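S.K.: give me a 3D structure for the following:
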Amino acid sequence: MRAKRLLILGGTEFVGRAFTDEALARGWEVTVFHRGRHPAPPGVTSLHGDRAAGPPGLAALSTGSWDLVVDTWRGAPTAVRDAARLLADRVGHHVYVSSRSVYAFPAAPGLDEQGPVVAGSPDSTDSEYAPAKRGGELAALAAFGERTLLARCGLVLGPGENVGRLPWWLNRIARGGPVPAPGPSELGIQYIDARDVAAWCLDAAVRGLGGAYNLVSPPGETTIGALLAACLRVTGSDAELRWVDGAAIVAAGVEPWTQLPIWFPPGEYHDTMHQGDVRKALAAGLRLRPLEETVADTWAWLRTLPGRTPEGTEHSPTGLSARTEALLLGH
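M.R.: Residues are numbered from 1 along each chain as shown. Okay, the predicted model is just below:
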């Protein structure tokens, strides 16, 4: 049987790299289209271009055909639109890595794929995250129709996480000492390993699945307490988790999600981020690796980096200052 031919628009960092690695492990022929800012993985065909430059930046994609294409773009929807139009007649199936941020805020607990979404346009040049992702969805649908799979991911973790959310917790806990832990410890969180996103999306695309799927762990399956306990175990740290009431954290002026990555206190933001319905994806074969594996593999990857610091993005957390930590530990 002929190996599948995969084109990844991106493919050199975090989620895109997870797709590249998964496809290569399956013996597929992989082409990555990227700007050349990061080295392409060994074993792929590398094409260079800048999607931000509009259609002229896609010249390297003017020829060639593939069984499927994966697009991870998070900026202006016009980039998704232009690439999808160019490739629609030469690619069998399309995967757009979208986000659960496309749902209108606040998202009710248990919201499924039929929930209301934000406004977006495939012709927009705006990069504001939620409407840009929705515009990207619409662009993909306009070009590929039922041949496009919309992977609405929640919080994505795992090795290669250049955002730095789980890396921040691992590095902080590895330093030891008392650590303010945002409570309550039994507060549920939803996340997905980037490698599980890639594996499921490739399987689903081969099967010809289309439409929107929420990709994240089931609500309540994992807690903030379990995550931080896993960080303690894999780092071998002597850190002491001191649980701080969520109301006290907010009262201290600490920003959830940015200064305390992954965590939101109970309420609308928590329900929106950590209470989504994922039954459709689970019924379609989504499989999730254990939390401990994600945390351990992320720690192993971090230790290969200078200073254990990922490169970071505009979404990278700021973390807690020593002064703020002391304030929280006083509660």
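
S.K.: for the chain, what are the low-confidence residue spans?
M.R.: Applying pLDDT under 70 to the chain picks out residues 331.

S.K.: which stretches in it count as helices?
M.R.: Taking DSSP state H as the test, the helices found in the chain are 14-25, 77-87, 129-144, 165-175, 194-206, 224-235, 246-251, 268-274, 279-283, 291-302, 322-329.

S.K.: those: which one's closest to Leu260?
M.R.: When those are compared by C-beta to C-beta, helix 246-251 sits nearest Leu260, at 6.9 Å. For glycine as for every other residue, the C-beta is placed from the backbone atoms N, C-alpha and C.

S.K.: who does that closest one touch, helix- and strand-wise?
M.R.: With contacts taken as 3 or more C-beta pairs under 8 Å, 6 or more residues apart in numbering; DSSP states H and E, helix 246-251 sits against strand 178-182.

S.K.: list the buried residues for the strand it packs on?
M.R.: By neighbour count with 16 or more other C-beta atoms under 10 Å, strand 178-182 contains the buried residues 179-182.

S.K.: between those, which sits nearest Gly49?
M.R.: Nearest to Gly49 out of the buried residues of strand 178-182 is Pro182 (C-beta to C-beta; 42.2 Å).

S.K.: so who does the closest residue to that closest one other than its chain neighbours touch?
M.R.: What sits nearest to Pro182 in space, not counting adjacent residues and going by C-beta to C-beta, 6 or more residues apart in numbering, is Trp263, at 4.3 Å. Each residue near Trp263 by C-beta atoms under 8 Å, 6 or more residues apart in numbering is listed here: 182, 187, 189, 224, 256-257.

S.K.: now do 6 Å
M.R.: By C-beta atoms under 6 Å, 6 or more residues apart in numbering, the contact set of Trp263 is 182, 224, 256.

S.K.: quick check: the last one touching Phe264?
M.R.: Right, the one you point to is Pro256. Yes - Pro256 lies in contact with Phe264 (C-beta atoms under 6 Å); the separation is 4.7 Å.

S.K.: before we move on, back to that, reformat the buried residues of strand 178-182 as a markdown table; add distance to Val102.
M.R.: As requested, the buried residues of strand 178-182 are exported to a markdown table (distance: C-beta to C-beta, whole Å):
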| residue | distance to Val102 |
| --- | --- |
| Val179 | 34 |
| Pro180 | 32 |
| Ala181 | 31 |
| Pro182 | 26 |
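
S.K.: quick check: closest non-adjacent residue to Cys92.
M.R.: Wrong residue type there; residue 92 is Gly, not Cys. Per C-beta to C-beta, 6+ apart, closest to Gly92 is Asp67, 4.9 Å.

S.K.: correct me, but the one you found touches Lys4?
M.R.: Yes - contact status for Asp67 versus Lys4: in contact at 4.8 Å, counting by C-beta under 6 Å.

S.K.: could you report the neighbour count for the residue nearest to Arg233 when sequence neighbours are not counted?
M.R.: Of all residues not flanking Arg233 in the chain, Glu292 sits nearest, at 7.3 Å (C-beta to C-beta, 6+ apart). The criterion is other C-beta atoms under 10 Å. On that basis, Glu292 has 13 neighbouring residues.

S.K.: now do the same contact list for Leu149.
M.R.: Counting by C-beta under 6 Å, 6+ apart, Leu149 makes contact with 95, 204-205, 209-210.

S.K.: where neighbours are concerned, which of these has the most?
M.R.: For the contacts of Leu149, the largest number of neighbours (other C-beta under 10 Å) sits with Val95, at 28 neighbours.

S.K.: the residue lying closest to Ser316 once chain neighbours are set aside: what's it in contact with?
M.R.: Spatial nearest neighbour of Ser316, chain neighbours left out: Gly164 (4.5 Å); criterion: C-beta to C-beta, 6+ apart. Gly164 sits next to 310, 312, 316-317 when contact means C-beta under 6 Å, 6+ apart.

S.K.: give the buried subset of those residues as a ChimeraX selection command.
M.R.: With 16+ other C-beta under 10 Å as the burial test, the buried ones among these are selected in ChimeraX as follows:
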select :310,316,317
